[in-house]
Structure formats: C-alpha cells, structure tokens
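Asker: Pasted the sequence and its predicted model underneath.
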Amino acid sequence: MKFNFKKGGELQIILVKKDEDSLKIGNDLYLYLKEKEMFKGDLSETYLHLDPNGEDVLLLGLGEEDKLTIDSIRRAFYSAGRKLMEAKVKSIGVSIPKFKDLCYKKTIGAVTEGLLQSEYSFEKYLSEKKIKPTLEEVYLDVLEDKKDKALEAIEESKILIEGIFLTRDLVNERAINMYPEVLANSAKDNLEQLGVKVSIYGKKDIEALDMKAFLAVSQGSAKEPQFIVMEYNGDPSSDEKLAFVGKGLTYDSGGYSLKPSKGMDTMFSDMAGSATVIGAIKAIAKSKLKRNVVGIVAACENLVSGDAYKPGDIIGSMSGKTIEVDNTDAEGRLTLADALWYAVKEAKADKVIDLATLTGACVVALGDINTGAITNDEKLMREVKDASEIAGEPIWQLPSNDEYRDLIKSDFADLKNTGVRGAGTITAGLFLREFVDDTPWVHLDIAGTAYLDKALGYLPKGATGVHVKTLYYLAKGE
C-alpha cells in the first residue's frame, strides 16, 4: 500500500461525524441517506456508493465529535479498509482535517494503521484465501505545513504494523510447527538483519545458568528448551537498559495438572508474551529508537511424560529460592522466575516489563478488553499506562497489598506457585515480584487480550499482537 500526498484515487472517502447537518462533498447523498435512516455517521459505519459516472464515494462514520479519539480513527479506517476490499477498490483519496484536541501526526498515523490493519489474515493453511487485499494507492490531502510530520507518522505506522503482524503470525502458528527451536530461529531471522544481537542458549547452557525452575517445566517435553536473549543497543552513550521478558510456552497441556480438552485447543498461543517481545523489538530496531533494550524469552513446552515434573515437587530456581509446585499448570510463572532473575542480575536491566498469558483469573476479571497489571514501581507503571493509552491498548492496574503475598508462602519451601482460589492474577504477579529484587518492574497479564475468540474492532479473531505498540512507545519515551 503506497501513500501519496496529493489528490487522486478512483474512490473518495468522505468523513462524517454523527448527525452532521451537511457536508461539503456528497451532501445530497448524505442528506438522503440520513432522512431514510440508512446512514447516521456512527463510529465505523460505512456506506459505499458506486456511481455509473465514476464519482464513487465511501461515507465513513466517525461517531460523535466530542468522543472522537485517535483509537476511534483507527477503528473507523479499519472498517473502511474492509469495505473497500469487498468492492475490490485499488485506489482512494481522502482529505484529513485537523480534529479538535487531536494531534495531527497521530491522526495520520491512525488513518494509516487502520487501513493496514484491515489487510491482516492468517490463512496459510486455507486452500482458498478469504481475505484478498486490493488497495494499492492512498492519496492523502493533508495540511501543507504538516506533510513532514505526516510522512513520519506513515512510516512509523508501517513499521509498527510489521511488528504486530509478525507477532500475530508467530502466535497463530500451531504447536506442531512452532516449538522452542522454531521460535528462537524466528527471533534470529527477523532481528539480526536489523542489528539486534540474538543469543540462543540450549539445555546445557540453561543448566549452566542454574535455571532450575525453567528446566523443571521443560523436562516433560521431547523438544529441547531454548533461552533467547535479544539485545538492541540504540544508545551506546547510555548505560540504562530496558528489559522486555515474554512468557514462551509454545504449548501448555497443563502437565500432570492436565487441562480439559477444550482448555487445550488454543494453548499454542501460550507464547504470546514472547512473540510480543519479538515483534516490539523488531519495530524498535527498525525505527532505530535511541534506547537500549533487551528481550528475554524462556521457551519450552509443558507436557506430560515419565520425566515431567509433578504436583508436590519442590524445585529450585536461578535466584536460589525454592518453590513448592502446587499446580503444574501454573508453569509460566516458573519459567518467568528464572527469566526475570536473568534480566535483573545478568542483563542488568534498570527497568523490567514482563508479558504473559498467565492466568485464567485475569480473563474472568477483565475479559478481553483490558490487560491486567501488577507493579512494584508506580512511576514505571504510569509510563507503561501512558504508552498503552497512545497505543489504544488499555491496561488496568490491580492491587498488590502485602496481605496477598502471604498467600504464596509455603510451609516446605520459600514459595509455592499458586495461592488460594481467589485473587489468582494478583498472587501470580506477586510470585513474579519475588524475582526482580528492587528493580522497577511491571507485569502485564495478557491472558484475555492476546488471543480472541472473535474479532474486536480492528483486532482479529485469534492473535491480536496487543502491546507491541505499548512496548514501542514506552521505549520511545512517549
């Protein structure tokens, strides 16, 4: 999809706020449709008018003017993109005004992202493809003094979409083809060409690092675990380092705490945290952000075999803390325990963000709208939330009172890997907190937001790529 700063296109998109009195272009059509209650300008509402004389237009609703946001512009242009695809439109023209209280650069970025989001599909296993992108040229009529900023916004959105689509593709791939070695090689193939140093450590290396918790989870699988470290040094003059740690369970059966069959059918997506980290680092490196970032992934499978770890086992960890295994299906936090300790002690990160499809409790609490968060540092939490708001990827901070920490104490080890029935997302997050010392840290539970049962706005059914943008904007400092 090519973007041009001039007028043109076989079809014109006309932007319409809800219940506008009149339009400068296409007014007769709009008033007729409004009178017949066929089009009101609701957010993401579309009406395609193909004219025999060649004056084709698409009316695109933006909703109520006082509720217009950057994210609603993304959603509107996603709907436009899907409608244009149905009509096999190859080129469009649209005039982008300055909306009250909205940054013009971010507006252009949202327009670009919405159109590009409309083209995503994961159809590699379909004999006949359902989504066939047709839009080749976009002609943007932008404010003359904003062209340079508009160009920056378009290029940034294109890069972000690459990172998001990479994340989605990695998560959507099935476990028969996506296992630790494949995930590690995917990171290497996508990042090394951008100047990112990708180090892959096999089982013997992991044993040498004394990652006992990670190894315990991995030992039921015939696939060798992989520890992946991705280093991007965008600011050699600085010693500061931001770490992104992603849960990398390429398949999770629950182990001996076996999930029911229905609970396993999407467990190929349990590595969404790791894929998000890979996608975000790709966007960061390709944009050449002036920030030092390290991505860390402990990748393995959690399966049942004669070698698998069992409920009741007491295992070690890289930190030296011992853990009583109350439930083998609470495995992600065990792999993350060693990955987080590595981020703090070996990578020497100053700030740490981890992302994990960690708890069903988070889905119960927040559904698929908000990501749950736990932190030990309110300043970093505010930075993450600010980045998520720019990204249109909402986060809800959960409490972390000391009383919750008592729920993960064990009588026989330093910790146990599950708490009581209630507050499951909180106790899981506080378990992870035990492995970051005093380093500023935010945990993001993406169990509900990383993979959807049905499409939500511009987020497709299946993998969403949620928080690639959040991590990018956090690294950028916006």
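Answerer: Right, received. Where do you want to start? Numbers count the residues shown, from 1 in each chain.

Asker: drop to CA atoms for contacts and neighbour counts, all remaining ones
Answerer: Fine.

Asker: The longest helix along the chain: what's the following helix or strand?
Answerer: When the chain is scanned for its longest helix (criterion: DSSP state H), the result is helix 147-172. Toward the C-terminal end, the helix or strand that comes next after helix 147-172 (DSSP states H and E) is helix 180-191.

Asker: Tell me the buried residues in that following helix?
Answerer: By neighbour count, and taking 16 or more other C-alpha atoms under 10 Å as the criterion, the buried residues in helix 180-191 are 180-184, 186-188, 190-191.

Asker: Please work out the angle formed by the directions of it and helix 147-172.
Answerer: Interaxial angle of helix 180-191 relative to helix 147-172 (axes from the mean of the first three to the mean of the last three C-alpha atoms, to 10 degrees): 170 degrees.

Asker: what sits up against helix 180-191?
Answerer: 170, 197-198, 200, 223-228, 230, 248, 250, 278, 281-282, 285, 299-301 (C-alpha atoms under 8 Å, 6 or more residues apart in numbering).

Asker: Inside helices: which ones of these?
Answerer: Counted as lying in helices by DSSP H, out of the contacts of helix 180-191, are 170, 278, 281-282, 285.

Asker: Adding neighbour count, distance to residue 438 and pLDDT, write those residues out as TSV.
Answerer: Conversion of the ones in helices among the contacts of helix 180-191 to TSV gives the following (neighbours: other C-alpha atoms under 10 Å; distance: C-alpha to C-alpha, whole Å; pLDDT from 0 to 100):
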residue	neighbour count	distance to residue 438	pLDDT
170	27	33	98
278	32	26	98
281	29	25	98
282	30	29	98
285	25	28	98
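
Asker: and the two most separated of these?
Answerer: Pairwise distances across the ones in helices among the contacts of helix 180-191 (C-alpha to C-alpha) peak at 18.4 Å, for the pair 170 and 285.

Asker: Let me see the contact set for residue 412.
Answerer: Taking C-alpha under 8 Å, 6+ apart, we find residue 412 in contact with residue 324.

Asker: Could you do residue 179 as well?
Answerer: When contacts are counted by C-alpha under 8 Å, 6+ apart, residue 179 touches 223, 250-251, 300-301.

Asker: For the residues you listed, pick the one with the most neighbours.
Answerer: The most neighbours of any of the contacts of residue 179, using other C-alpha atoms under 10 Å, belong to residue 300, which has 32 neighbours.

Asker: could you list every residue that touches it?
Answerer: Contacts of residue 300 were listed using C-alpha under 8 Å, 6+ apart, and they are 179-180, 217-218, 221, 223-226, 248-251.

Asker: Show me the beta-bridge partners of it.
Answerer: In this structure, residue 300 has the following beta-bridge partners (DSSP bridges): residue 249.

Asker: do the same with residue 452
Answerer: So, taking DSSP bridges as the rule, residue 452 has residue 462 as bridge partners.

Asker: Quick check, pLDDT for it.
Answerer: You'll see residue 452 listed with a pLDDT of 98.

Asker: count of neighbours near it?
Answerer: Other residues lying near residue 452 total 18 when counted by other C-alpha under 10 Å.

Asker: is it true that it touches residue 461?
Answerer: Yes - contact between residue 452 and residue 461 holds when scored by C-alpha atoms under 8 Å: they sit 5.1 Å apart.

Asker: Nearest to residue 344, out of the contacts of residue 300: which one, please.
Answerer: Comparing every one of those with residue 344 (C-alpha to C-alpha), the shortest separation belongs to residue 248, at 18.2 Å.

Asker: Report the separation between the closest one and residue 143.
Answerer: The span separating residue 248 from residue 143 equals 45 Å under the rule C-alpha to C-alpha, to the nearest Å.
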